[in-house]
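S.K.: fold the following, please.
(chains A, B, C, D, E and F)
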There are 4 protein chains.
Amino acid sequence: MTTKDLILSTAKEMIAEVGFHKTTTANLAKRANISEGTIYRHFESKEDILLQILRDLEEAYSRFIVQCRETTDGGYGTIEKVLASHLGFVRENEADIKIVLSTYGILDAAKKSMASLVYRMESFFEDCLRKAKDKGVVYDVVPERQTALVMVTLLFGLMRLKLYWPEIEDLSEVATEFCRRSVVK
Amino acid sequence: MTTKDLILSTAKEMIAEVGFHKTTTANLAKRANISEGTIYRHFESKEDILLQILRDLEEAYSRFIVQCRETTDGGYGTIEKVLASHLGFVRENEADIKIVLSTYGILDAAKKSMASLVYRMESFFEDCLRKAKDKGVVYDVVPERQTALVMVTLLFGLMRLKLYWPEIEDLSEVATEFCRRSVVK
Amino acid sequence: MTTKDLILSTAKEMIAEVGFHKTTTANLAKRANISEGTIYRHFESKEDILLQILRDLEEAYSRFIVQCRETTDGGYGTIEKVLASHLGFVRENEADIKIVLSTYGILDAAKKSMASLVYRMESFFEDCLRKAKDKGVVYDVVPERQTALVMVTLLFGLMRLKLYWPEIEDLSEVATEFCRRSVVK
Amino acid sequence: MTTKDLILSTAKEMIAEVGFHKTTTANLAKRANISEGTIYRHFESKEDILLQILRDLEEAYSRFIVQCRETTDGGYGTIEKVLASHLGFVRENEADIKIVLSTYGILDAAKKSMASLVYRMESFFEDCLRKAKDKGVVYDVVPERQTALVMVTLLFGLMRLKLYWPEIEDLSEVATEFCRRSVVK
DNA sequence: AATGAATGAGGTTTCATTCAT
DNA sequence: CATGAATGAAACCTCATTCAT
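M.R.: This next block holds a predicted model:
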């Protein structure tokens, strides 16, 4: 692993664990077993590290969504599959997601990242709903765009629940069923 | 207005605007037109101000929920009314809610406040669903407790959307409809 | 008790207990059940309170020494009696003495008070030794002034021991005997 | 000299001169020609600097006492030699000793240091007295332990005199003679 | 006389960032 | 590339003192 990646992955862990503010360059350097100065060889500032993490997450989501689109046709089970795969994405990118969720309120760059994620997720959900509507799987009365946004909203809520209150029982199935009843004939 | 209230309301504005960390005692004092020392005559620490704000919100929600319970019978329209009134509560307590949402990830006390809010909201929603089920308004297949939690989750998601992306069109109605379709016969 | 005396006696307790620096005007006011402003009606400054305490101690010692002189004739038992009565004085003015001892290193005024106490005690001891020498009770070889100072030094050391390490066994008798053997034939 | 040592020695000077409280980190930094932040690269807190100084003194005394024990046999002249060498130790560790003496009333850690010094000095004096008694040099009637403590007490008193009132004539010889007469046959 | 809120200077400490090696 | 000591601005907080009531 290159030094840059080491810094990046260590920072990811720490920010997810204790937050951006409590992740100091001193602690980061100590945990990564490098010197504080080295951080500034690879990143312009502490914020720059965060930006990189956010960019990486955006890319990861891009790759994920491409894969998703390939396997969604709008038939029965689409909604369920999409929600399930997204919950899987969260599970596999826990730290990164916790980071966006915890920084978009305090950092403009993070807010943009979050907006981008929301936008793409919403677009994808919208497409799914539209396809499903065309196939007669989803109620005609459902407004695709806004409903997609509602679902994205719910999804991010579930992510938070998982990340901040892991002791609460898993709601994946109930939430999926909740959505299914709402939109699927 | 007493000095304590002045500090409290100024802090509320600032924390909601720029977050807890960027709200420094120096800035707070300057904006409230008092000296930094004065803050510490009325509060033990900067964190203490936040705690007070959180306590106030909890109380406000308590009062709100009492009122809510009185006007909910579980008949047709209950779900809609409950969601609407909660969205109204958010509108009238914007700053406070933004503060809990933005601090529960970095402060244990805030996390407890948030947990308490979630718990009480969920309990209330659960009761509503149960009553409505008894009256034959809600599907028998809906699991009250978990569904209540799903709705709370969605509601908090909508709050965030409103607070952080006020430019996005209002989803209240669509979201209400989304829930209604999912649970009401 | 007048307010001034209340402040004085409360300050005495607190300074003896926790030291001059940790005795803040806020705490003092709280413990004396008065307001902070009231302190400044009766004293010019926090230091002024200390000065008053020191002056009181000087006066108390003056009165004590007058009484002492009356009952000392330089005969056998003089040294023992003088040491015993001084140890008694300490017992009855514990707080005040702890205060001088703990402040003369940090405050010029206190240093002067201490110097005055030392000077008068030394003078008195010197007189005693001289009288006793005249009566043939004390060795001719003992230099009165310096020996008096040595004894004063020892006495203050014993005071400290008593005040700061009260758990250590009482050395009064052994110390008295130590001095007696050194100067009495 | 390393920066750490520079801080240490500057702090030593200042604390001995003006006391621990009046030695502020700002002044310390200015006098040592470093920035305030630098202090905290080498010490955890202001108190930590004091602790280091105290530890150093304890070590210095340890080394000194080892040397002392080697050259004490309990024969005639032992008492005189021991007192003389201790007075020499004070002369060479003036600042450090002033620091313990001026802080043990306000800082628990310093009190422990002081207690440790007193304990070791007393033990050593006790041994000397015992040896000297065995050799018939010291009166049988002298209780070793308590007498040792009395002598330690006197010694610390002399130190204070030297450190706080250097203008007073040196009492070393008179005090030594005072002790000799009291214990040596 | 008494109050107690307000002050503001100054204390300790933190931390992102720089720079000589 | 890497180091880590040094920096200094700025954070939070304390406290003796003042002053309008």
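S.K.: can we go C-alpha only for contacts and neighbour counts from here?
M.R.: Fine.
S.K.: could you list the single helix or strand in chain A with the lowest mean pLDDT?
M.R.: helix A:78-92 (a mean of 92; mean pLDDT, DSSP states H and E).
S.K.: quick one: is it near chain B?
M.R.: No - using CA under 8 Å from any CA of the partner chain, helix A:78-92 stays clear of chain B, coming no nearer than 14.0 Å.
S.K.: buried set for the following helix or strand past that helix?
M.R.: Downstream of helix A:78-92, the first helix or strand assigned by DSSP states H and E is helix A:94-103. The neighbour-count check on helix A:94-103 (16 or more other CA atoms under 10 Å in any protein chain shown) flags A:94-103 as buried.
S.K.: how about stretch A:118-128?
M.R.: For stretch A:118-128, a neighbour-count test (16+ other CA under 10 Å) marks A:118, A:120-128 as buried.
S.K.: from DNA strand E, how far out is the closest residue to chain D within chain A?
M.R.: Using CA to the nearest CA, the closest approach of chain A to chain D is made by A:Ala26 at 11.0 Å. Going from A:Ala26 to DNA strand E by CA to the nearest atom of the strand, to the nearest Å gives 6 Å.
S.K.: can you tell me whether I have it right that that residue is in a strand?
M.R.: No - using DSSP: H, G, I helix; E, B strand; the rest coil, the assignment for A:Ala26 is helix, not a strand.
S.K.: that one touches A:Thr38, doesn't it?
M.R.: No - using CA atoms under 8 Å, A:Ala26 makes no contact with A:Thr38, being 11.1 Å away.
S.K.: now render the buried residues of helix A:94-103 as a markdown table, adding distance to A:Leu57 and pLDDT.
M.R.: A markdown table is the format used below for those (distance: CA to CA, whole Å; pLDDT from 0 to 100):
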| residue | distance to A:Leu57 | pLDDT |
| --- | --- | --- |
| A:Glu94 | 10 | 93 |
| A:Ala95 | 10 | 95 |
| A:Asp96 | 6 | 95 |
| A:Ile97 | 8 | 96 |
| A:Lys98 | 11 | 95 |
| A:Ile99 | 10 | 96 |
| A:Val100 | 9 | 95 |
| A:Leu101 | 12 | 95 |
| A:Ser102 | 14 | 94 |
| A:Thr103 | 13 | 94 |
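S.K.: just these that are near DNA strand F?
M.R.: Of the residues in those, proximity to DNA strand F by CA under 7 Å from any atom of the strand holds for none.
S.K.: now for those: which two are most distant?
M.R.: A:Glu94 and A:Thr103 (14.3 Å; CA to CA).
S.K.: give me the domain ranges for chain A.
M.R.: The record's domain split for chain A, according to automatic domain parsing, is A:1-43, A:53-183.
S.K.: ok and the residue in chain A nearest chain B?
M.R.: For chain A, CA to the nearest CA, closest residue to chain B: A:Ser182, 4.0 Å.
S.K.: and that residue, its phi and psi?
M.R.: phi -70, psi -30 (degrees, to the nearest 10).
S.K.: hmm, back to that, by contact count, what packs against the least confident helix or strand of chain A?
M.R.: Contacts defined by 3 or more CA pairs under 8 Å, 6 or more residues apart in numbering or on different chains; DSSP states H and E place helix A:78-92 against helix A:46-70, helix A:108-134, helix A:144-164, helix A:172-183.
S.K.: tell me the most buried of the ones you listed?
M.R.: helix A:144-164 (a mean of 21; mean count of other CA atoms under 10 Å in any protein chain shown).
S.K.: what residues are up against the residue of chain A closest to chain B?
M.R.: Each residue near A:Ser182 by CA atoms under 8 Å, 6 or more residues apart in numbering or on different chains is listed here: B:178-183.
S.K.: circling back to that earlier point, any chance of the domains of chain A in a markdown table, plus distance to C:Arg55?
M.R.: Shown next, in a markdown table, are the domains of chain A (distance: least, CA to CA, whole Å):
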| stretch | distance to C:Arg55 |
| --- | --- |
| domain A:1-43 | 53 |
| domain A:53-183 | 59 |
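S.K.: sorry, back to before: quick one: the spatially closest residue to the residue of chain A closest to chain B that is not a sequence neighbour from chain C, how far?
M.R.: Take A:Ser182 and drop its neighbours on the chain: the residue closest to it by CA to CA, 6 or more residues apart in numbering or on different chains is B:Ser182, 4.0 Å away. Distance, B:Ser182 to chain C, using CA to the nearest CA, to the nearest Å: 62 Å.
S.K.: same deal with A:Ser85?
M.R.: For A:Ser85, the distance to chain C - CA to the nearest CA - is 62 Å.
S.K.: how about the residue positioned nearest the centre of chain A, nearest residue that isn't a chain neighbour?
M.R.: Geometric centre of chain A, nearest residue: A:Ile97, 4.7 Å, by CA atoms, centre = their mean. Leaving out its chain neighbours, the residue that sits closest to A:Ile97 by CA to CA, 6+ apart is A:Val90, at 7.0 Å.
S.K.: isn't A:Gly19 right up against A:Val100?
M.R.: No - counting by CA under 8 Å, A:Gly19 stays clear of A:Val100, with 10.5 Å between them.
S.K.: residues in contact with A:Asn175?
M.R.: Check again: residue A:175 is Ala, not Asn. Residues near A:Ala175 by CA under 8 Å, 6+ apart: B:147, B:150.
S.K.: list phi and psi for the residue lying closest to the residue of chain A closest to chain D once chain neighbours are set aside.
M.R.: The shortest distance from A:Ala26 to any non-neighbouring residue, by CA to CA, 6+ apart, is to A:Glu36 (6.1 Å). When read as degrees, to the nearest 10, the backbone of A:Glu36 gives phi -60, psi -40.
S.K.: and for the residue of chain A found nearest DNA strand F, the neighbour number?
M.R.: Nearest residue of chain A to DNA strand F: A:Gly37, at 3.1 Å (CA to the nearest atom of the strand). Neighbour count of A:Gly37, defined by other CA atoms under 10 Å in any protein chain shown: 11.
S.K.: cool, the one 4 residues further on as well?
M.R.: A:Arg41: 11 surrounding residues under other CA under 10 Å.
S.K.: let me know how buried A:Tyr40 is, in neighbour terms.
M.R.: Neighbour number of A:Tyr40 under other CA under 10 Å is 14.
S.K.: for it, give me its contacts.
M.R.: Per CA under 8 Å, 6+ apart, neighbours of A:Tyr40: none.
S.K.: and it, that's in a helix?
M.R.: Yes - under three-state DSSP, A:Tyr40 sits within a helix.
S.K.: for it, give its distance to DNA strand E.
M.R.: 5 Å.
S.K.: same deal with A:Gln67?
M.R.: To DNA strand E, A:Gln67 is 36 Å away according to CA to the nearest atom of the strand.
S.K.: so where's chain A shaky on pLDDT?
M.R.: Flagging of chain A using pLDDT under 70 yields an empty set of residue ranges.
S.K.: near DNA strand E, which residues of it? Just list them.
M.R.: A:21-26, A:36-37, A:40, A:44-47.
S.K.: A:Thr78 contacts A:Cys128, doesn't it?
M.R.: Yes - contact criterion CA under 8 Å: A:Thr78 and A:Cys128 qualify, at 7.3 Å.
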